[in-house]
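Trainee: just to be clear, the model below is a prediction. Sequence and coordinates:
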Amino acid sequence: MITENRTKTVSSKATLDSLKAAAFDFIPEPAIVVDREGALVAVNEAAEALFGQGLALLARGRFKAALPPDSALVSLINRAVTEETAVRERAIEIALFGHPPFEADGAASPLDDGAVLLTLHVRGGALGVDRASDVAGLRSVVGLGRMLAHEIKNPLAGIRGAAQLLKSGAKADDAPLAQLIVDETDRIRRLVDRMEAFSDDAAPERSAVNIHQVLDRVRALAANGVAEGLALRESYDPSLPPVWGDEDQLIQIFLNLVKNAAEAAHGRRDGRGEVFISTAFRHGVRVRASVGKPGYAAPLEVRVQDNGPGVPPQLRDHLFEPFVTTKSHGVGLGLALVAKLVAGHGGLIDFESEPGRTVFRVLLPVAPSARLPEVTS
């Protein structure tokens, strides 16, 4: 049953009267309510996104009974009940519902009638199809996009018209740049059109896409914009099969990543900033699916690397969340939307960072019936 505030009720036995239900569902972190008997009472959308169907399966039994006796989660819940106060544990290893173990910070707070609210903050720098997203933050982004759509379209029309006039009188060497402006304004308008009807569950319009054509487009845009003055290098695997994706969304994904990399590389004091884009085929790479479904292949890898100062350690666990940014004048929406688009493609994005080297890696599925490269010894 879904109540008016969209909170998912797993058990009709327990009551959520003690919860501010609307606020519960909009908690950006995975949140679970367990009653005094150890039964699962309610979960929010972020928990459903993290665990897939596993939580619903536990409605038939007891949440605590399904965990190992030495489970850190059981210990955390019991402490909250015994001490009658909110308790926290850092770096808990969690293994639930057949998923591989992962690390999270946990907090348990006692509620009325002996129930406990359990929230998790998943640690690490990876976001895939099963990682919880910041639901409230993304809804804010969607609402803002709808509100601004009309205001964005009007100047876009003017920019496109001006670019067409420039193209008609441009020299042969300048005409491609004028056409690039026309193409990009058309692409932005298409993105705005989609934003107006955007929903969290909207699937990309996928087809077989040459990823190198996408990256060449992104490279051309960056070279004449944010990456101007930088060394912009690439190393492509020519044997890659087509990716199964939405071309406009793929351009958006990699343009955001290259733009971020270029801005980081510009931060070098020695003026030797560099952005490196590479592709490869990773045999055997699979993305974990929901419980009860087999993982699937996502072997097409794109890396965007820069030699900037690196991501500050305090931001690394939150980098894909909305409104988190390393830029003094940034709003922190780019990587949150990139992560959402990658997940919508059934892919995975992660990163590693240290001073002088930051790499964002995107793994994507190949188009159906595509001929895969042979494994070489």
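Mentor: Structure received.
Trainee: skipping its backbone neighbours, what lies nearest residue 221 in space?
Mentor: residue 255 (6.2 Å; C-beta to C-beta, 6 or more residues apart in numbering). To be clear about C-beta, it is placed using only N, CA and C from the backbone, and glycine gets the same treatment.
Trainee: host element of the one you found?
Mentor: For residue 255, the enclosing helix or strand under DSSP states H and E is helix 247-265.
Trainee: pLDDT on that helix, on average?
Mentor: For helix 247-265, the mean pLDDT works out to 93.
Trainee: what's it packed up against?
Mentor: helix 175-196, strand 207-209, helix 211-223, strand 274-281, strand 300-306, helix 334-344, strand 357-364 (3 or more C-beta pairs under 8 Å, 6 or more residues apart in numbering; DSSP states H and E).
Trainee: the fifth one vs helix 211-223, what angle?
Mentor: The reference is to strand 300-306. Angle, strand 300-306 to helix 211-223, by axes from the mean of the first three to the mean of the last three C-alpha atoms, to 10 degrees: 20 degrees.
Trainee: what lines up beside strand 300-306 in the sheet?
Mentor: strand 274-281 (antiparallel), strand 357-364 (antiparallel) (DSSP bridges).
Trainee: low pLDDT regions in the stretch 51-200 of the chain?
Mentor: Low-confidence segments of the stretch 51-200 of the chain (pLDDT under 70): 51-66, 68-69, 95-102, 123-151, 193-200.
Trainee: how does it look with 80?
Mentor: The model of the stretch 51-200 of the chain has pLDDT under 80 over residues 51-71, 90-104, 112-113, 121-154, 189-200.
Trainee: one more: the stretch 201-350 of the chain?
Mentor: For the stretch 201-350 of the chain (pLDDT under 80), the answer is 201-203, 283-297, 314, 316-334, 336-337.
Trainee: just put the strands paired with strand 300-306 in JSON lines and tack on distance to residue 37.
Mentor: JSON lines is the format used below for these (distance: least, C-beta to C-beta, whole Å):
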{"stretch": "strand 274-281", "distance to residue 37": "51"}
{"stretch": "strand 357-364", "distance to residue 37": "42"}
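Trainee: for residue 318, find the nearest of these.
Mentor: Nearest to residue 318 among those is strand 357-364 (15.4 Å), distances taken as C-beta to C-beta.
Trainee: possible to save the helices and strands packed on helix 247-265 as CSV with mean neighbour count and distance to residue 312?
Mentor: Below are those laid out as CSV (neighbours: other C-beta atoms under 10 Å; distance: least, C-beta to C-beta, whole Å):
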stretch, mean neighbour count, distance to residue 312
helix 175-196, 16, 30
strand 207-209, 16, 34
helix 211-223, 19, 24
strand 274-281, 20, 20
strand 300-306, 23, 15
helix 334-344, 21, 14
strand 357-364, 21, 11
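Trainee: quick one, the helix holding residue 255 and helix 211-223 angle?
Mentor: Interaxial angle, helix 247-265 versus helix 211-223 (the same axes, to 10 degrees): 40 degrees.
Trainee: helix 247-265 to helix 175-196, inter-axis angle?
Mentor: Between helix 247-265 and helix 175-196, the angle comes out at 110 degrees (the same axes, to 10 degrees).
Trainee: may I see the buried residues of helix 247-265?
Mentor: 247-265 (16 or more other C-beta atoms under 10 Å).
Trainee: before we move on, what about stretch 104-112?
Mentor: Across stretch 104-112, burial judged by 16+ other C-beta under 10 Å covers 104, 105, 106, 107, 108, 110, 111.
Trainee: now do stretch 113-124
Mentor: 115, 116, 117, 118, 119, 120, 121, 122.
Trainee: circling back: I figured the residue nearest to residue 221 hits residue 219, correct?
Mentor: No: the criterion here is C-beta atoms under 8 Å, and residue 255 misses it with residue 219 at 9.7 Å.
Trainee: which SSE is immediately downstream of the helix or strand where residue 77 lies?
Mentor: Using DSSP H and E, residue 77 sits in helix 72-83. Note on helix 72-83: by DSSP H and E, the next helix or strand toward the C-terminus is strand 87-94.
Trainee: what comes up buried for that next one?
Mentor: Buried, per 16+ other C-beta under 10 Å, within strand 87-94: 87, 92, 94.
Trainee: can you redo those as JSON lines with distance to residue 357?
Mentor: Converted to JSON lines, the buried residues of strand 87-94 look like this (distance: C-beta to C-beta, whole Å):
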{"residue": "87", "distance to residue 357": "38"}
{"residue": "92", "distance to residue 357": "30"}
{"residue": "94", "distance to residue 357": "30"}
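Trainee: for residue 36, give me its contacts.
Mentor: Listed by C-beta atoms under 8 Å, 6 or more residues apart in numbering, the contact partners of residue 36 are 81, 113, 114, 115.
Trainee: pick out the most distant pair among those residues.
Mentor: Longest distance between any two of those is 11.2 Å, between 81 and 113; criterion C-beta to C-beta.
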